[in-house]
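Asker: 3D, please:
(one chain, ligands or ions: 1)
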Amino acid sequence: MDYFRVEWKILLAVTISGLIYNVGLLAGPWFEGQLAECLMNILTGKATFRSMLFLAVTYVSVIGSVQLARYIKRFYVRRFANNVNRRMKTILYRTLVHKSRAELGEEGIGNVITKAISDVDDCVEGMRKFTTEIFDTGIAMCCYIGMLLFYDWKLALISLIFPPISYAIAEKMKRVIQSTNASYKEEMGVLNTVTLDRISNAVTYRVFGCERQRQESYEKTLKDYERSAIHANIWNATLPPIYKVISATGVIFILYLGAKNIVGSGFTAWSIASFTTFLACYTKLSDKSSKAAKLFNAVHKAQISWNRIHPYMERAESAHQEDEKEISASKLARPSENHSEQKSSELKWKNVSFAYPNGKSNIFEQVCFSAKTGQIIGVTGPVACGKSTLGKIMLCEYPYQGEITYSGKEISKMPELLRNQMIGYLGHDVELLDDSVKENILMGDENENVWKWLKVVCMDQEVRNMEKKEDTTIGNGGMRLSGGQSERLSLARVLCHWRPILVLDDPFSALDQTTEEQVFRHLKELSKNRIVFLISHRLRLFPEMDQVIWLDQRQADCSTHEQLMKDNPLYQKLYFDQAQAKEEAQGENNE
Ligand SMILES: Nc1ncnc2c1ncn2[C@@H]1O[C@H](COP(=O)(O)OP(=O)(O)OP(=O)(O)O)[C@@H](O)[C@H]1O
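Answerer: Model (predicted):
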């Protein structure tokens, strides 16, 4: 109803043109009756060809004007549908892009795409059909019924029994239509997910010889999708003709009882013109009746789609309003323009425990530590101990137990927009856009100098050597870059957009030792006004960290490198093993 209300001006134009068109439609059967009568009169010598010509020209011009009203009505209905479609998609996309990656992953990306495109389209199509048919079917039918009653009310009542029967059947079939359409949508979502998976992992499947297996599994998904599409289409397409036949049954009575009216033994006395007008009116009415049943189907389909997208539409509105309210009320300012003036703040973890929603046990238990502006904190530990999870927790994608506060404020309670302005994140899987090097770093911020940030990540020379320098496009997901270049480009982006807290998950994993050291030097200089978490397996740079968090067996040992070397035998062993391995590698190189 809100969407209808917003578009009231367009709907007013639809109403005026719709009324003109549908009331004008009555001219059709009336003229047809007059033409039949005139023909009869010409054959019996009571009228001339001229009167027929006059009648025919008037008929064509009246119908022409009525069709013009129809054109205007359709134009505005289409405009209404386009506006609603755009509005719905804007709201839906706003919600979807604000969903955490975790939520999107759980939902299934294919399902998300289906919702974003197909459900909105179906929903709007239902609204469009409803708006069209409320006039073309509703008003037109009322006019036709009025005309039938006017000509012979008894015959009208007998023949009008049939259209309601077709509606009743359409209503009964509602459930079947709804369930077949719902399963069609589900299968479409699955197919989208599988297609995306095949495209994004094509090389892996090829290299590991899984293509045939994937093909078979894809074929199976495709078959399920086709089956559900056929099912839905059969129900959608086969029922309207049945409704049409039922509605048209009244014609039999009209032919029999109408003929009696003409010969004078029926309910009333009719001329040929009355008979033709009545019959034409009824056939048009029964045709409209079948459209009414079709309209029910479209509205049911729209209801299913609306049910699927509805939670996202509400959430978007309320989340957006909440965010706006909280941000204006919040004392926490946006990142300061002059970052060097940023006041020292403290990030505190107090008894934080965390388990993934689908996980059996906690990844951490009762973790406590604090970090101050200007510190770099190294995070390390054995494989799969939860290093990345520790970083991701601060993005608040999943709920945690305990407290994580920044400047005394609980981060999970902050509005999402504010949190986004506070925490910069570089994940394991870098996200690069199919755009230029420059746009990937600046992300539209024209106040920044791209070369400054390329220098910070030691990539300026490589970009200067590229064909179009900073305007070189890097391909989908950075496919035209090396692993190390992708990593540094993403790091340049994170550093360019200042945030008081940075979480960098293994940012140097693809860099050689010299580049790693140089980039780390620059990072240290830039960290004076931020808190940086550097998650890594490699401990070579850890002696230079202000703090080190060692994660193991759900516990976190938070200390300094020197202290851990004294107190933590596992950390000590890992550090020495890596140092020894490095010496051996250098020895081999020298030989
Ligand atoms: N989305 C998830 N849902 C459920 N469990 C998860 C999820 N992500 C990670 N895990 C589990 O959490 C544990 C910690 O994973 P995490 O990626 O944080 O470890 P890590 O120390 O960064 O690993 P690595 O050393 O391989 O980089 C693992 O056992 C992993 O299986």
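
Asker: Please make it C-alpha for all contacts and neighbour counts, starting now.
Answerer: OK.

Asker: Please tell me how far the residue most central in space within the chain sits from residue 349.
Answerer: Note on the chain: the residue nearest the mean C-alpha position is residue 116, at 2.5 Å, using CA atoms, centre = their mean. Per CA to CA, to the nearest Å, residue 116 is found 37 Å from residue 349.

Asker: circling back to that earlier point, what's the residue nearest to the centre of the chain in contact with, if anything?
Answerer: Residue 116 makes contact with 89, 92-93, according to CA atoms under 8 Å, 6 or more residues apart in numbering.

Asker: quick one: which of these is nearest to the ligand?
Answerer: Proximity of the contacts of residue 116 to the ligand (CA to the nearest ligand atom) peaks at residue 93, which lies at 23.0 Å.

Asker: you'd agree the residue nearest to the centre of the chain is in a helix?
Answerer: Yes - assigned with DSSP: H, G, I helix; E, B strand; the rest coil, residue 116 falls within a helix.

Asker: Let's see the pLDDT reported for it.
Answerer: With respect to pLDDT, residue 116 scores 71.

Asker: Can you point out the buried residues in stretch 433-449?
Answerer: 433-442 (16 or more other CA atoms under 10 Å).

Asker: let me redo that: stretch 198-208
Answerer: 198, 205.

Asker: Just the helices from the stretch 251-400 of the chain, written as ranges.
Answerer: Listed in chain order, the helices of the stretch 251-400 of the chain (DSSP state H, counting those that start in this stretch) span 272-329, 387-393.

Asker: and the ones you listed, which one's lowest on average pLDDT?
Answerer: Lowest mean pLDDT within the helices of the stretch 251-400 of the chain: helix 272-329, a mean of 74.

Asker: what's the least confident helix or strand in the protein, going by average pLDDT?
Answerer: helix 101-107 (a mean of 67; mean pLDDT, DSSP states H and E).

Asker: Now tabulate the buried residues of stretch 433-449 in a markdown table and tack on pLDDT and secondary structure.
Answerer: As requested, the buried residues of stretch 433-449 are exported to a markdown table (pLDDT from 0 to 100; DSSP: H, G, I helix; E, B strand; the rest coil):
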| residue | pLDDT | secondary structure |
| --- | --- | --- |
| 433 | 83 | coil |
| 434 | 81 | coil |
| 435 | 84 | coil |
| 436 | 88 | strand |
| 437 | 89 | helix |
| 438 | 90 | helix |
| 439 | 88 | helix |
| 440 | 88 | helix |
| 441 | 89 | helix |
| 442 | 87 | helix |
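
Asker: Kindly indicate which of those residues lies nearest residue 484.
Answerer: For the buried residues of stretch 433-449, the closest approach to residue 484 (CA to CA) belongs to residue 437, at 14.2 Å.

Asker: The closest residue to the closest one other than its chain neighbours: neighbour count?
Answerer: Using CA to CA, 6 or more residues apart in numbering and skipping residues adjacent in sequence, the residue nearest residue 437 is residue 470, 5.2 Å away. Number of residues near residue 470 (other CA atoms under 10 Å) recorded here: 21.

Asker: quick one: pLDDT of residue 470?
Answerer: For residue 470, the pLDDT comes out at 85.

Asker: Show me which residues of the chain are close to the ligand?
Answerer: Proximity of the chain to the ligand is confined to 356, 358-359, 383-389 under the rule CA under 6 Å from any ligand atom.

Asker: So which of the residues you listed wins on neighbours?
Answerer: residue 387 (24 neighbours).

Asker: what's the neighbour count on residue 299?
Answerer: Per other CA under 10 Å, the neighbour tally for residue 299 reads 22.

Asker: my read: it touches residue 124, true?
Answerer: No - using CA atoms under 8 Å, residue 299 and residue 124 do not qualify as a contacting pair, with a distance of 9.7 Å.

Asker: which parts of stretch 369-376 are buried?
Answerer: So, applying 16+ other CA under 10 Å, buried residues of stretch 369-376: 369, 371-376.

Asker: Restrict it to CA atoms and write it as PDB.
Answerer: Coordinates of each C-alpha in stretch 369-376 appear next as PDB, following Å, rounded to 0.1, in the frame of the first residue of the first chain:
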ATOM      1  CA  PHE A 369      43.800  -7.700  26.300                       C
ATOM      2  CA  SER A 370      43.900  -4.000  25.600                       C
ATOM      3  CA  ALA A 371      45.700  -1.900  22.900                       C
ATOM      4  CA  LYS A 372      46.400   1.800  22.600                       C
ATOM      5  CA  THR A 373      46.600   4.100  19.600                       C
ATOM      6  CA  GLY A 374      50.000   3.900  18.100                       C
ATOM      7  CA  GLN A 375      50.500   0.200  18.800                       C
ATOM      8  CA  ILE A 376      51.000  -2.700  16.400                       C
END
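
Asker: any chance you could map the strands in this structure?
Answerer: Taking DSSP state E, the strands of the chain run over residues 346-354, 364-372, 376-380, 401-406, 409-410, 423-426, 501-505, 531-535, 547-552, 555-559.

Asker: In CSV, list these along with mean pLDDT.
Answerer: Output for the strands of the chain, formatted as CSV (pLDDT from 0 to 100):
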stretch, mean pLDDT
strand 346-354, 92
strand 364-372, 91
strand 376-380, 94
strand 401-406, 92
strand 409-410, 91
strand 423-426, 90
strand 501-505, 92
strand 531-535, 93
strand 547-552, 92
strand 555-559, 90
